[in-house]
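Colleague: let me see the structure of the following:
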Amino acid sequence: MRDALKNLKEDESSMVLPTDNIMDTDTYRAKMFTLIENGPYQLLNKDPTDRLTRKLSEKLLTLKRSGYLSEAVYNKIRPRHKQPPRIYGLPKIHKADVPLRPIVKCWSCVNTFAYDLSAYLANILSPLTGKSEYTVTNSAHFASTVSNETILDNEIMVSFDVESLFTNDPIDTAVQAALQKLENDPGLADRTTLTPAQIADLLTFVLRSTYF
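Modeller: Next up is the predicted model:
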């Protein structure tokens, strides 16, 4: 098994993707090039990393000096790295021609300027998610839910395939929804010393500074 993994790693003609799928390198690069060329992307004239890093540093330093961030938290979430985020594609093996789903998150954003702040905000917001009656935890939860439903003769079950869900989600609406939940969260003070408005401001900054 070790030899097989070593051979796969050294084989430049194939790529092992994060889903443990293996794809021909030339095919993967061609699909990614097509995805970027035809997608809602545009070439930047200049790498924005330094500018965004400075702006975030100023925001966090102001919060620390005003007493809303402790020294420990400030040092934990301030920008310490300048690796630009990267995009990669995950194959949709259940679809014809195996198209790629573009991903700019998780390990592709490790060591980016806002990575530590994003993790901090996720920890604050996570207790507020998944409480809707229309939310399922995973496929097993969904299967358990629909098993109790009866579809009548005059009814059909429909599955909607949303294209580019997260990139099409309106940021202002999402942040406003988060702000309302934060303002009504009695346990917020146990997770952070920031106010709901300050959290919303940082969240907006992170969401609007996504690039790769």
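Colleague: contacts and neighbour counts: CA atoms only from here.
Modeller: Fine.
Colleague: can you map out the helices along this structure?
Modeller: For the chain, the helices defined by DSSP state H occupy 2-10, 25-38, 49-65, 71-77, 115-125, 139-146, 165-168, 171-183, 196-208.
Colleague: for residue 92, find the nearest of those helices.
Modeller: The stretch from these with the least distance to residue 92 (CA to CA) is helix 25-38; that distance is 11.9 Å.
Colleague: give the buried residues for that closest one.
Modeller: Judged by neighbour count using 16 or more other CA atoms under 10 Å, the buried positions of helix 25-38 are 28, 31-32, 35.
Colleague: make JSON lines out of the helices of the chain and add distance to residue 154 and mean pLDDT.
Modeller: What follows is the helices of the chain, written out as JSON lines (distance: least, CA to CA, whole Å; pLDDT from 0 to 100):
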{"stretch": "helix 2-10", "distance to residue 154": "52", "mean pLDDT": "81"}
{"stretch": "helix 25-38", "distance to residue 154": "40", "mean pLDDT": "90"}
{"stretch": "helix 49-65", "distance to residue 154": "55", "mean pLDDT": "96"}
{"stretch": "helix 71-77", "distance to residue 154": "55", "mean pLDDT": "96"}
{"stretch": "helix 115-125", "distance to residue 154": "41", "mean pLDDT": "94"}
{"stretch": "helix 139-146", "distance to residue 154": "17", "mean pLDDT": "89"}
{"stretch": "helix 165-168", "distance to residue 154": "30", "mean pLDDT": "73"}
{"stretch": "helix 171-183", "distance to residue 154": "36", "mean pLDDT": "94"}
{"stretch": "helix 196-208", "distance to residue 154": "43", "mean pLDDT": "95"}
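Colleague: residue at max distance from the center of this protein?
Modeller: Distance from the C-alpha centroid of the chain, by CA atoms, centre = their mean, peaks at residue 153 (40.3 Å).
Colleague: out of the buried residues of helix 25-38, who's nearest residue 42?
Modeller: Residue 42 has its nearest neighbour among the buried residues of helix 25-38 in residue 35, at 12.0 Å by CA to CA.
Colleague: and that closest one, what does it touch?
Modeller: Taking CA atoms under 8 Å, 6 or more residues apart in numbering as the criterion, residue 35 is in contact with 100, 102.
Colleague: mind checking how far stretch 52-63 is from the chain centre?
Modeller: Once both centres are worked out by CA atoms, centre = their mean, to the nearest Å, stretch 52-63 turns out to sit 21 Å from its chain's centre.
Colleague: quick one: contacts of that stretch?
Modeller: The contact list for stretch 52-63, computed with CA under 8 Å, 6+ apart, reads 69, 74, 78-79, 82, 113-114, 209.
Colleague: now those residues: which count as buried?
Modeller: Buried members of the contacts of stretch 52-63, scored by 16+ other CA under 10 Å, are 69, 74, 78-79, 113-114.
Colleague: for those residues, give me CSV that also has distance to residue 15.
Modeller: As requested, the buried ones among the contacts of stretch 52-63 are exported to CSV (distance: CA to CA, whole Å):
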residue, distance to residue 15
69, 43
74, 38
78, 34
79, 31
113, 27
114, 28
